[in-house]
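Novice: Quick one, fold the following:
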Amino acid sequence: LGLVYFHAISDAVSIVYLLRHIHALYCGDEKILAKPFRLAPVRPRLNPLIFARKISGFLSQLREHRLSARVAYRDISDRNNHFEYFSLGPDVLRALSLAAKNWEVTINDIFLALLLMCCSPFTQNRFREPHRGRIAIGCIANTRNDLGLENPQAWGLFLGSFVVSHETPAGIRLEDLARDIRLQTQAIKERKDYVGPSPERFFG
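Specialist: You can find the predicted model right below:
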């Protein structure tokens, strides 16, 4: 069972609940059907202090972005996308969880560090531009818990985002890079910089 949807109408959590509900209808799973589920969008109220802090931090984020390298495309007119899918087996996932615990980072911190390492070969021009020596990558965050939704199965788009950056020098160990990223993500979580108004509040 699969579902294709336009991401602007909902986040992945909403789609998971929808698919579970469809499956429950076919199978007659009363336990799932007993839980309230409505497709009507929920518009949460955003904490004005968090919103004000996010707006005030925009300029500082802009300055940070200007310190990051710009990718040198071979053909700027080529707008094709490439997608590659792979999965982690149980043994690899357990090893990853153990490494995260030993390094005192999250699994997401390790993924961000790995992504920085993968992007490094494509941003070699940063070594020639002293004022753009960092690599910046964005990450999507689930904001359902931060918005205090009354119904955890609420339908809508409850996503935020944040950016981390690093010089990612050649030869840096994954553990060291993940620990550096953890310092950034931990501060972002404490300030809730990733929380913001959902796009539907502007376009819906």
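
Novice: Tell me where the model's unsure across the chain.
Specialist: Low-confidence segments of the chain (pLDDT under 70): 43-47, 50-51, 53-57, 72, 196-204.

Novice: all helices in the protein, in order from the N-terminus.
Specialist: 12-27, 30-33, 48-56, 58-65, 90-103, 107-119, 144-147, 174-191, 200-203 (DSSP state H).

Novice: which one of these is the most hemmed in?
Specialist: helix 107-119 (a mean of 18; mean count of other CB atoms under 10 Å). C-betas here are computed from N, CA, C, even on glycine.

Novice: what does that one contact?
Specialist: Defining contact as CB atoms under 8 Å, 6 or more residues apart in numbering, one finds that helix 107-119 is touched by 96-97, 99-100, 103, 135, 137, 139, 164, 166, 168, 172, 174, 177-178, 180-182, 185.

Novice: The same query, at a cut-off of 6 Å, please.
Specialist: 96, 100, 135, 137, 164, 166, 168, 174, 177-178, 181-182, 185 (CB atoms under 6 Å, 6 or more residues apart in numbering).

Novice: in the protein, what residue sits furthest out from the centroid?
Specialist: For the chain, the residue at maximal distance from the C-alpha centroid (CA atoms, centre = their mean) is Gly28, at 34.6 Å.

Novice: Turn the contacts of helix 107-119 into JSON lines, including distance to Ser10.
Specialist: JSON lines is the format used below for the contacts of helix 107-119 (distance: CB to CB, whole Å):
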{"residue": "Leu96", "distance to Ser10": "29"}
{"residue": "Ala100", "distance to Ser10": "29"}
{"residue": "Ile135", "distance to Ser10": "31"}
{"residue": "Ile137", "distance to Ser10": "24"}
{"residue": "Val164", "distance to Ser10": "26"}
{"residue": "His166", "distance to Ser10": "32"}
{"residue": "Thr168", "distance to Ser10": "34"}
{"residue": "Leu174", "distance to Ser10": "34"}
{"residue": "Leu177", "distance to Ser10": "33"}
{"residue": "Ala178", "distance to Ser10": "31"}
{"residue": "Ile181", "distance to Ser10": "29"}
{"residue": "Arg182", "distance to Ser10": "30"}
{"residue": "Thr185", "distance to Ser10": "25"}
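
Novice: Export the helices of the chain as TSV, with columns for distance to Leu1.
Specialist: Converted to TSV, the helices of the chain look like this (distance: least, CB to CB, whole Å):
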stretch	distance to Leu1
helix 12-27	6
helix 30-33	14
helix 48-56	37
helix 58-65	40
helix 90-103	23
helix 107-119	27
helix 144-147	23
helix 174-191	34
helix 200-203	26
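
Novice: Nearest to Arg128 among the ones you listed would be which one?
Specialist: Closest of the helices of the chain to Arg128 is helix 107-119, at 16.5 Å (criterion: CB to CB).

Novice: Pull the distance from that closest one to the chain's centre.
Specialist: With CA atoms, centre = their mean, to the nearest Å as the basis, helix 107-119 stands 12 Å off its chain's centre.
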